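Undergrad: Here is my input; please provide its structure:
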Amino acid sequence: MKVLKITVFVILHLLFSKGIAQEVLIEAESFIDKGGWVVDPQFVEQMGSPYLMAHGMGVPVENAKTEVNFNKKGKYHVWVRTKNWALGNWEAPGQFKIAVNGKVLKKNLGTNPDWNWEYVGKVRIKSETVAVELKDLTGFNGRCDAIYFSKSKKLSADANETTWRKEKLAETLAPETQKTYDLVVTGGGLAGCAAAIAAAEQGLKVALIHDRPVLGGNASDEVRVHSLGIYGKFERILKMIDTKHYPNGSYKAKYDQEKRDKNVKSFKNIDLFLNWRAYDAVSKNNSIQYVDAKNTSTGDRIRFKAPRFVDSTGDGWIGFWAGAEFSYGRESYKTYNEFWDKWGELWSPEEPDDFVMGASVLWQTKKTDKVHNFPELPWTKEVAKDHKAISGEWYWEFSRNDLHQIHDAEEIRDHMLKAIYGSFANAKKLEKNKNYKLEWVSYLVGKRESRRLIGDYIYTFNDVKNNTKFKDAVVEETREIDVHYQRNLKDQEEPDFLSEALFYRTKKYYVPYRTLYSKNIENLFMAGRNFSCSHIGLGGPRVMLTTGQMGAAVGLAAVICKKYDINPREVYTNHLQEYLDLIETQQ
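TA: Coordinates of the predicted model:
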């Protein structure tokens, strides 16, 4: 079997033994012209693939279009893998149709629960080159993962499985392309960018892998959270990638986006892999051998090899795949003696649980001199209820003990979309809001907390409270500890998608280097919200300038590692003063 690549998309022809059957599988994210549809790769680990989404904020988006080669003409059965993301006794909000060679097929798609294959019907293929289009009907986040043509009406029982897809696409075990670097950084938020810059400036050849088209993570123009914290000893580096203090969700994020992307791309020894998502990291004898990544549109794959790796994915994916020890959720207050009687269970519980600080989806509206209508949305009522709003901020946040910020991230994002659309629809019923329109809604989950990889030291609330002076302090901060809880935990009348912040004000505090490398994976650094800390310990250093300091610190530690051919721990045990002196030169 052979994978054919035409321009930027991948299709597969499977010719069976007697030439009777033929199958064609099209990954939706590989469409040549995506129109108004966007590629969403956030939930690959849960549902198997990136997908196309019609994120029109209530206005149907332009058709996505592509062309497919068929070796055999005739009648084909057609399936589409999709999902009704708002189940209930109402019209599904994300409906769409497909068209084949200009003919729109009758069935409305996006009406079945969960991710599954919906049967569309039969089509007659009369030419070798076939045009396929996705036609959005609502603008409310219809989603298409793949389209499947077959001469046979029988669909494999395991057609939802990733293994089925790999078989149809004839994917080999190992990527055909392999690249070798001094340092591989996965995750292009501020921590990952700072790590890449710090290492590159000292002469290391760096790969920076990021699954979005732009850099910055939560600071990017796609999420629009402004950067908070102080610069510590890395002001020069961090000012290349930070943001101004505009309101969260502001369109002004685009200006800092341009600055950030331009600065990172200016380094000749940083190879930047935008729209590449890591999907595996393999370790041997507690040492990572390589990281595999896939292009989120074309499906091309690359194996990245290096003596050392940085996990700046936020969710700790590299460490998780490699077998690094990690924690998740809130510890009992007894674990690290982190109780604060002023806030009790809201601060730190008696028994451990899976409540963590939640994810936000930011949004903005605009008031104009015209009246803008917005539809009634019954599928939002169970979430938004009677809540009214014409803008969003950081406290539009969702976490629940029975929902995991990684495994259930798509449900969390969709919950927030229902909250946003429903609250705005409620507000639009008021005469005073008639001239408001939805200007922008992110479709990316802005996470605060998920996996925390475990290092040689676990940073806790006591390190802040006691103002611990670590001999290996490499990050410093003055911002208060800021821990969030959902408002409905205190008042059941409050919406479940709004949060409150608990602040513990403090003097300057310090984060040690030992929290920035894995305890059991010898060549793994971590920088960002997945550094080694407790739930409360994350409350202060989680903001982006602080995590950017972490990135710059591990980038320089990698320089010491290369110089002496050592692992990250040995920087602390054998070369700490030289490492600290190198940090001092960055100011």
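Undergrad: contacts and neighbour counts: CA atoms only from here.
TA: OK.
Undergrad: contacts for the helix or strand containing Glu45?
TA: Element membership for Glu45 (DSSP states H and E) is helix 44-47. Helix 44-47 has contacts (C-alpha atoms under 8 Å, 6 or more residues apart in numbering) with Pro50, Trp115, Tyr279, His407.
Undergrad: Tell me where the model's unsure across the stretch 151-300 of the chain.
TA: 156-162, 170 (pLDDT under 70).
Undergrad: coming back round to it: and the average pLDDT for the helix holding Glu45 is what?
TA: For helix 44-47, the mean pLDDT works out to 92.
Undergrad: tell me what the helix or strand just after that helix is packed against?
TA: Using DSSP H and E, the helix or strand that follows helix 44-47 towards the C-terminus is strand 51-55. Judged by 3 or more C-alpha pairs under 8 Å, 6 or more residues apart in numbering; DSSP states H and E, strand 51-55 is in contact with strand 38-40, strand 140-150.
Undergrad: For the last one, name the packing helices and strands.
TA: Put plainly, it is strand 140-150. Right, strand 140-150 is packed against strand 22-27, strand 51-55, strand 74-82 by 3+ C-alpha pairs under 8 Å, 6+ apart.
Undergrad: Quick one: distance of that strand to the chain centre.
TA: 21 Å (C-alpha atoms, centre = their mean, to the nearest Å).
Undergrad: One more: stretch 259-279?
TA: The answer for stretch 259-279 is 17 Å, by C-alpha atoms, centre = their mean.
Undergrad: burial count for the closest residue to Lys65 other than its chain neighbours?
TA: Spatial nearest neighbour of Lys65, excluding adjacent residues (C-alpha to C-alpha, 6 or more residues apart in numbering): Glu133 at 4.5 Å. Look at Glu133: counted by other C-alpha atoms under 10 Å, it has 23 neighbours.
Undergrad: secondary structure class for Glu133?
TA: Following DSSP: H, G, I helix; E, B strand; the rest coil, we place Glu133 in the strand state.
Undergrad: 308 is where my numbering starts, stick with that
TA: Yep, numbering from 308; the last one is Glu440 now.
Undergrad: what's it in contact with, if anything?
TA: Per C-alpha under 8 Å, 6+ apart, neighbours of Glu440: Asn370, Ala371, Lys372, Thr373, Ile405, Ala406, Val407, Gly409.
Undergrad: Please enumerate the strands of the stretch 558-707 of the chain.
TA: Ranges of strands in the stretch 558-707 of the chain, per DSSP state E, counting those that start in this stretch, are 577-581, 583-591, 594-602, 608-612, 615-618, 633-634, 666-667, 670-674, 704-705.
Undergrad: now for the first one, which elements pack on it?
TA: Right, the one you point to is strand 577-581. On a contact count with 3+ C-alpha pairs under 8 Å, 6+ apart, strand 577-581 meets helix 497-508, strand 513-517.
Undergrad: what comes into contact with the shortest one?
TA: Defining contact as C-alpha under 8 Å, 6+ apart, one finds that strand 513-517 is touched by 488-495, 499-500, 503, 506-507, 576-585.
Undergrad: buried stuff in whichever helix or strand comes after it?
TA: Toward the C-terminal end, the helix or strand that comes next after strand 513-517 (DSSP H and E) is helix 542-545. Buried residues in helix 542-545, defined by neighbour count with 16 or more other C-alpha atoms under 10 Å: Glu542, Ile544, Leu545.
Undergrad: Return the residues in contact with the last one.
TA: For Leu545, the residues meeting the contact criterion (C-alpha under 8 Å, 6+ apart) are Ala501, Tyr538, Leu852, Gly855, Gln856.
Undergrad: of all those, which two lie farthest apart?
TA: Spatial extent of these (C-alpha to C-alpha) is set by the pair Ala501 and Tyr538 at 11.5 Å.
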